[in-house]
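>>> Structure of the sequence below:
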Amino acid sequence: MGHTVGTDTKTVTLPYGFKTFTISNENTYDTTDSVASGGSIIADNTQDTFTFKAANKWLKFITDVDNDTLSIAHKLHTPPVDWNKARETNKNADDVTSNSENDKLILHDIVWDEAAHMLEDHPHTYTLPYGFKFITVDNASDAITDLTYTGATIAAESTQDTVTFKPANKWVKMSGNVTDDSITFGHLVQDIDIVASTASDLNVIDNTVTLTDSNNKINVQDISHDEAGHLRSRKDHIYTLPYGFKFITTNGTVGDTATDITSNTNVAIALNTQDTFSIDVGNTWIKSAIDVANRKITLYHYVKNDIDTTASSATDFNSISTGIFSLNDISFDEAGHMIANKAH
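Presented below is the predicted three-dimensional model:
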């Protein structure tokens, strides 16, 4: 009845384990990274101690010894209030105020710690500058009116405004290329009607003379133009200058030549545009003089001032004194001019 009547002794090894969990103080200053390592932590006795340590300042442990609990948390950081105040900077020089929130851009200036945690946030609000996003090219114009020059500065009224290029009249051409974002400007090119007329001979005196000197031709152009002064057509008219006499000469006198000449009704024809016409004195009774300054030729009849008018003594043909009379002895030259008159 409960008495020991025999024994059977066996040895039992108690399992090792951790009786106590120790939490180290917070690591406030360490900012170094920890090298991860795997492995098993084994208790060395039946009542070993397990210790939790923070490798750097961002990990915190909170223990509740009454309830045997351990809380692990990431450290929180609360920036000062003034760090979150936005500084607004306006970048639109033409409009210092903006009524549209779509024109604003907020950029954050952030300060990070060694573990890539955000420590500071400095937001900056910028008003985007206005500008032209679209450039359009209008269709060609058929207008022929002039355009009054007007100087102006075109300002964009939004961040994606549109500016338009327009031709004012038909002589300006524009082509927009959306592939390479370019505009090509050109002047209207039109075919010019060039017609060369046949040569018109202005030599009305004698058109039978063959012209061999090209300097005797002039080219007169009949030109038409459009409303902007551009050449539209050109017709060339080649004229042969009329032949004429530029120089007139005379030999003045031929001395004592008394030879007669035969008159005729021939027409003197100039052989070029600056020919020479000669007025020659044919015999002794015609003389000529040229006044170069007044471009004048004077022809005059020779005047003989030495006619012999010697009166001879009266010859008595009758003894009666009342019968006295005179006879003139007159001499003539080859042209019938009186050259001597002697009274007898």
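>>> Domain boundaries for the chain, per the record?
Domain ranges of the chain: 18-31+41-74, 81-127, 132-187, 193-240, 245-301, per automatic domain parsing.
>>> out of those, nearest to Ser331?
domain 245-301 (14.3 Å; C-beta to C-beta). Bear in mind the C-beta positions are built from the backbone N, C-alpha and C, glycine included.
>>> Could you tell me the end-to-end distance of that closest one?
End-to-end distance of domain 245-301 (C-alpha to C-alpha, to the nearest Å): 26 Å.
>>> do stretch 42-62 as well
Stretch 42-62: ends 24 Å apart by C-alpha to C-alpha.
>>> Could you dump the domains of the chain into JSON lines with distance to Ile330, mean neighbour count and mean pLDDT added?
Converted to JSON lines, the domains of the chain look like this (distance: least, C-beta to C-beta, whole Å; neighbours: other C-beta atoms under 10 Å; pLDDT from 0 to 100):
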{"stretch": "domain 18-31+41-74", "distance to Ile330": "159", "mean neighbour count": "12", "mean pLDDT": "84"}
{"stretch": "domain 81-127", "distance to Ile330": "119", "mean neighbour count": "12", "mean pLDDT": "66"}
{"stretch": "domain 132-187", "distance to Ile330": "92", "mean neighbour count": "11", "mean pLDDT": "88"}
{"stretch": "domain 193-240", "distance to Ile330": "48", "mean neighbour count": "12", "mean pLDDT": "68"}
{"stretch": "domain 245-301", "distance to Ile330": "18", "mean neighbour count": "12", "mean pLDDT": "81"}
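>>> what's the distance between His237 and Gly229?
Here the criterion is C-beta to C-beta, to the nearest Å. By it, His237 lies 22 Å from Gly229.
>>> same question, Val195
Taken as C-beta to C-beta, the span from Val195 to Gly229 is 21 Å.
>>> hmm, back to that, got JSON lines for the domains of the chain, with distance to Asn328 too?
Putting the domains of the chain into JSON lines (distance: least, C-beta to C-beta, whole Å) gives the following:
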{"stretch": "domain 18-31+41-74", "distance to Asn328": "163"}
{"stretch": "domain 81-127", "distance to Asn328": "123"}
{"stretch": "domain 132-187", "distance to Asn328": "95"}
{"stretch": "domain 193-240", "distance to Asn328": "53"}
{"stretch": "domain 245-301", "distance to Asn328": "23"}
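>>> Verify the stated contact: His301 with Asn283.
No: using C-beta atoms under 8 Å, His301 is not in contact with Asn283; the gap is 11.4 Å.
>>> The stretch 151-300 of the chain: strands as residue ranges?
161-165, 172-177, 182-187, 193-196, 200-201, 217-225, 231-240, 245-250, 275-279, 286-291, 296-301 (DSSP state E, counting those that start in this stretch).
>>> elements contacting the first one?
In other words, strand 161-165. When contacts are defined as 3 or more C-beta pairs under 8 Å, 6 or more residues apart in numbering; DSSP states H and E, strand 161-165 packs onto strand 132-137.
>>> who's in contact with the strand it packs on?
Ala156, Thr159, Gln160, Asp161, Thr162, Val163, Thr164, Phe165, Met174, Ser175, Gly176, Ile183 (C-beta atoms under 8 Å, 6 or more residues apart in numbering).
>>> what angle sits between it and strand 182-187?
Angle of strand 132-137 versus strand 182-187, following axes from the mean of the first three to the mean of the last three C-alpha atoms, to 10 degrees, is 30 degrees.
>>> just use 689 as the starting number from now, easier for me
Sure, I'll start numbering at 689, so the last one becomes strand 820-825.
>>> Output strand 820-825 as PDB, restricted to C-alpha atoms.
C-alpha atoms of strand 820-825 as PDB (Å, rounded to 0.1, in the frame of the first residue of the first chain):
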ATOM      1  CA  PHE A 820       4.000  78.500 -78.300                       C
ATOM      2  CA  LYS A 821       3.600  74.800 -78.700                       C
ATOM      3  CA  PHE A 822       1.900  74.900 -82.100                       C
ATOM      4  CA  ILE A 823       3.100  76.700 -85.200                       C
ATOM      5  CA  THR A 824       0.600  76.700 -88.000                       C
ATOM      6  CA  VAL A 825       0.900  77.700 -91.700                       C
END
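>>> who does that strand pair up with?
Its sheet considered, strand 820-825 pairs with strand 849-853 (parallel) by DSSP bridges.
>>> quick one: the strand it pairs with to strand 860-865, angle?
Between strand 849-853 and strand 860-865, the angle comes out at 140 degrees (the same axes, to 10 degrees).
>>> Do I have it right that Gly864 meets Phe873?
No: checked against C-beta under 8 Å, the pair Gly864 and Phe873 is beyond contact range at 10.6 Å.
>>> ok, back up a step: need the strands of the stretch 839-988 of the chain in JSON lines (columns: distance to Ser728).
Formatted as JSON lines, the strands of the stretch 839-988 of the chain follow (distance: least, C-beta to C-beta, whole Å):
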{"stretch": "strand 849-853", "distance to Ser728": "70"}
{"stretch": "strand 860-865", "distance to Ser728": "72"}
{"stretch": "strand 870-875", "distance to Ser728": "72"}
{"stretch": "strand 881-884", "distance to Ser728": "105"}
{"stretch": "strand 888-889", "distance to Ser728": "123"}
{"stretch": "strand 905-913", "distance to Ser728": "104"}
{"stretch": "strand 919-928", "distance to Ser728": "102"}
{"stretch": "strand 933-938", "distance to Ser728": "132"}
{"stretch": "strand 963-967", "distance to Ser728": "135"}
{"stretch": "strand 974-979", "distance to Ser728": "145"}
{"stretch": "strand 984-989", "distance to Ser728": "144"}
